[in-house]
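Asker: please find the sequence and the predicted model below.
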Amino acid sequence: MTPAAPPRVLVLRALGLGDLLAGVPALRALRRGFPDHEIVLAAPAALAPVAAAAGAADRLLPASAPGRAVPARLDWSGPPPDVAVDLHGNGPPSHRLLTRLRPRRLFAFAHPGTPEVDGPPWYAQEHERDRWCRLLRAYGVDADPADLLLPRPPEPSPAPGAVVLHPGAGAPSRRWPVERYAAVADALRARGHRVVVTGGPDEGDLVARLAELAGLPGPDVFGGGLPYGRLSALVAGARAVVSGDTGIAHLAVAHAAPSVTLFGPVPPSRWGPPADPRHRALWHPGPDGDPHGRRPDPALLRITPDDVLDALAGLPGAPGP
C-alpha cells in the first residue's frame, strides 16, 4: 500500500539572494514549527543551492518574475497546501497568487486590497529579518531573527584571506562609484593585502572596469557570476567583504565574514547586518531614496574611500594600515 504523502507548507519568496538569506530565520522557524510537513519554497531556480545550504526547505519550486514582481502563476500540483506562507510582500498580488491554490491556512500580512486576509499589520520601516519572524509569531510559530548563519562551505576558497570588493548591486542607486572601489583597492594593495573583485552575471563590464582601474591580475577577477558554491567559499574565507546593499553583503553575514556595507537609498535599520563587531554599515542619515533608482543615491555618494578604509581598519582581524 502506497504511504500517504505528507502535508505540505508552501512558502512564497520569489526574490533574490539577499532576500532569501534575510528570510532564512523565518524559513527555519517553519521547519521547526511543522516538523512533519514537506516545506516547499517557491523561489528562483538559481537559489536552490542556497536553500539547500540553509537546510530550511525540502524542495524548491522554481518561481520568478522580472524585477521584484509576483510570479503570474505557480507550477503547483496535487492537493492544496496545508499552509501557504507569504514571505514575498504585503499583497495583494502575492495574496491572490496563494489563495488561488486554496490552502487550508494562509499566513500573510493584512492589506486593505484583500480584506479576507486577517493578518498582522505591515510596518514599512521594520527590518526585513524581524518582519517575517513577527509574521510567523502572529500565527503561533516561534521565530528567532538571529538564526541566520550558514554552515561552512565544503569547498576551499579560491582566494583565501583576500579582501573581496563587489561593486555591483541590483540597481544603480545602490552602486558606489567604481572609481572609489578602485581607490580602496589601491590603498589595500599598497598595504600588502590581496584584493579580489566579484560581480553578478550581468556585471562583467563593471568588474572589468574596476580590475582595469586597480590593476588587478586575472586570477583576482571573478566576473560573470560565480557559481553559488564557489562564491560562498570565497566569502566565507575572506578577510573582509566590501559591497553595497546587495546579496553578497547578506552572504558575508551568513558566514560571519567581516564586512563593510555601504548604504544609500535605504537605511541599514531595514536591511543592514545585525549588531556585531564583525560588520560595519556605513550610512549618512537622510530621507529614504529609491532603492531601484537609475542613479547612485546622494547619501551613498557621501561615503568616501577613506570612510571605507577606516571601517575596514576597525574590523576584528580585518585589514588595517
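Answerer: Arrived safely.
Asker: quick one: the helices in the stretch 201-321 of the chain?
Answerer: Secondary structure of the stretch 201-321 of the chain (DSSP state H, counting those that start in this stretch): helices located at 204-214, 228-236, 247-254, 268-271, 298-301, 305-313.
Asker: any stretches of the stretch 201-321 of the chain with poor pLDDT?
Answerer: 318-321 (pLDDT under 70).
Asker: ok, P120 - contacts?
Answerer: F109, A110, R134, L135, A138 (C-beta atoms under 8 Å, 6 or more residues apart in numbering). Just so you know, the C-beta spots here come from the backbone N, C-alpha and C atoms, and that holds for glycine as well.
Asker: next, it: phi, psi?
Answerer: phi -70, psi 160 (degrees, to the nearest 10).
Asker: look up how far L136 lies from it.
Answerer: 10 Å (C-beta to C-beta, to the nearest Å).
Asker: what do you get for L74?
Answerer: Distance of L74 to L136, given as C-beta to C-beta: 21 Å.
Asker: do R209 as well
Answerer: With C-beta to C-beta as the criterion, R209 and L136 are 43 Å apart.
Asker: what about those two, which has more around it?
Answerer: L136 (21 against 18; other C-beta atoms under 10 Å).
Asker: highest average neighbour count across the helices of the stretch 201-321 of the chain?
Answerer: Counting by mean count of other C-beta atoms under 10 Å, helix 247-254 has the highest mean neighbour count of the helices of the stretch 201-321 of the chain, with a mean of 26.
Asker: contact partners of that helix?
Answerer: So helix 247-254 is in contact with 16-18, 21-22, 24, 148-150, 164, 166, 198, 231-232, 235, 238, 241, 243, 258-259, 261, 273-274, 279, going by C-beta under 8 Å, 6+ apart.
Asker: try 6 Å this time
Answerer: 16-18, 21, 148, 150, 166, 235, 241, 243, 259, 261, 273 (C-beta atoms under 6 Å, 6 or more residues apart in numbering).
Asker: contact partners of stretch 49-69?
Answerer: 14, 20, 24, 27-28, 31, 38-45, 48, 71, 74, 150, 228.
Asker: that stretch: how far from the chain's middle?
Answerer: For stretch 49-69, the separation from the chain centroid amounts to 12 Å (computed by C-alpha atoms, centre = their mean, to the nearest Å).
Asker: so for it, what gets flagged as buried?
Answerer: Buried residues in stretch 49-69, defined by neighbour count with 16 or more other C-beta atoms under 10 Å: V50, A51, A53, A54, A56, A57, D58, L60, L61, A63, S64.
Asker: which pLDDT value belongs to the third one?
Answerer: On the pLDDT scale, A53 is placed at 94.
Asker: isn't there a helix covering it?
Answerer: Yes - assigned with DSSP: H, G, I helix; E, B strand; the rest coil, A53 falls within a helix.
Asker: distance-wise, check it relative to L87.
Answerer: For A53, the distance to L87 - C-beta to C-beta - is 18 Å.
Asker: do the fourth one as well
Answerer: When C-beta to C-beta is the yardstick, A54 and L87 sit 13 Å from each other.
Asker: on that earlier part again, most widely separated two among the contacts of P120?
Answerer: A110 and R134 (12.6 Å; C-beta to C-beta).
Asker: A146: what secondary structure?
Answerer: Under three-state DSSP, A146 comes out as coil.
Asker: cool, I39 as well?
Answerer: strand.
Asker: excluding chain neighbours, give the residue nearest to V11 in space.
Answerer: V85 (4.6 Å; C-beta to C-beta, 6 or more residues apart in numbering).
Asker: pLDDT wise, what is that neighbour at?
Answerer: pLDDT, read off for V85, is 98.
Asker: okay, how far is it across stretch 252-260, tip to tip?
Answerer: 9 Å (C-alpha to C-alpha, to the nearest Å).
Asker: just stretch 32-40 next, same as before
Answerer: First-to-last residue span, stretch 32-40, C-alpha to C-alpha: 14 Å.
Asker: quick one: residues in contact with that stretch.
Answerer: With C-beta under 6 Å, 6+ apart, stretch 32-40 has contacts from P6, P7, R8, V9, L10, L30, R31, A57, D58, R59, L61, V141.
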